[in-house]
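[1] Build me a model from this:
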Amino acid sequence: MAETPAISDRNLEATTNISLKREPACFAFLSARSVAPPMPIDSINLDLASADYFQGRASLWTTLEMRSSVNNDRPTAILGFDETFLRPFARALIEASTTRASYRMTILQETRDERCRVVEYVTGPGKPLKELILQPFDNVVLVSSATQKDGDETLFQLPRTDSFLRAFAKMSYVADQALHDLLDDMERVARNNQDVGAPDGAGP
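    Next comes the predicted model:
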């Protein structure tokens, strides 16, 4: 019997693409301290940047990417995050959009893990975030980072239309399921490797 791949490929970039060309105009790189001028967002997607098994634990790193006609539709990462971020971010975006109230999303850091959980690539190569602010307006939701030292820093906008929110909710659900299925696969492969490497009778 032919062996099946240990971990199946999950092409997030292809399955999570959302076009914004028919949505209200949205931009990234809006702040005065950004490394690039404001850039219109034509589409967004998620991409799996890395999958690691570290200190007995599987972890993933995913990026939220944008594409724009002004840079020949090259993917540009605007957020990077681990597997715990997508669910609360999708909820925060939808709650802010539907209630028309600003939503402050605190990014909790596990005491046993010093790695960053969320970073933004808008104002630099990868700035760790501790809090995001989602502020709804008539047609868009403004996503900003909050720091005690520098104050709020505008990062990017997303549409607040019903069509976009439905598409984003569906994309987030599908992607979150795929990411957690991948985590399960990684844990299974790690257990199998431990069993193979253990002396006879020493496996769990």
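
[2] what ranges do the helices span in the chain?
    Remark: helices assigned in the chain by DSSP state H are 12-15, 86-99, 162-197.

[3] Quick check: D42 touching R74?
    No: contact criterion CB atoms under 8 Å: D42 and R74 do not qualify, at 11.3 Å. (C-beta placed from N, C-alpha, C; glycine too.)

[4] neighbour-wise, which of the two wins?
    Applying other CB atoms under 10 Å to D42 and R74 shows that D42 carries more neighbours, namely 16 against 10.

[5] what pLDDT does the more buried one get?
    You'll see D42 listed with a pLDDT of 97.

[6] ok, it - contacts?
    The contact partners of D42, by CB atoms under 8 Å, 6 or more residues apart in numbering, come to S19, L20, K21, M66, R67, S68, S69, D73.

[7] any chance of these in CSV, plus distance to R91 and neighbour count?
    Conversion of the contacts of D42 to CSV gives the following (distance: CB to CB, whole Å; neighbours: other CB atoms under 10 Å):
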residue, distance to R91, neighbour count
S19, 23, 13
L20, 21, 22
K21, 26, 10
M66, 21, 27
R67, 25, 20
S68, 27, 19
S69, 31, 11
D73, 30, 12
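
[8] closest to A146 among the residues you listed?
    Each of the contacts of D42 was scored against A146 by CB to CB, and M66 proved nearest at 21.2 Å.

[9] Report how many residues lie close to the nearest residue to that closest one once chain neighbours are set aside.
    Residue nearest to M66 in three dimensions, not counting chain neighbours: I41, with 4.7 Å by CB to CB, 6 or more residues apart in numbering. Neighbour count of I41, defined by other CB under 10 Å: 23.

[10] quick revisit: highest average neighbour count across the helices of the chain?
    Comparing the helices of the chain by mean neighbour count (mean count of other CB atoms under 10 Å), helix 86-99 comes out on top with a mean of 17.

[11] still on that earlier bit, out of the helices of the chain, the one nearest E153 is which?
    Nearest to E153 among these is helix 86-99 (16.9 Å), distances taken as CB to CB.
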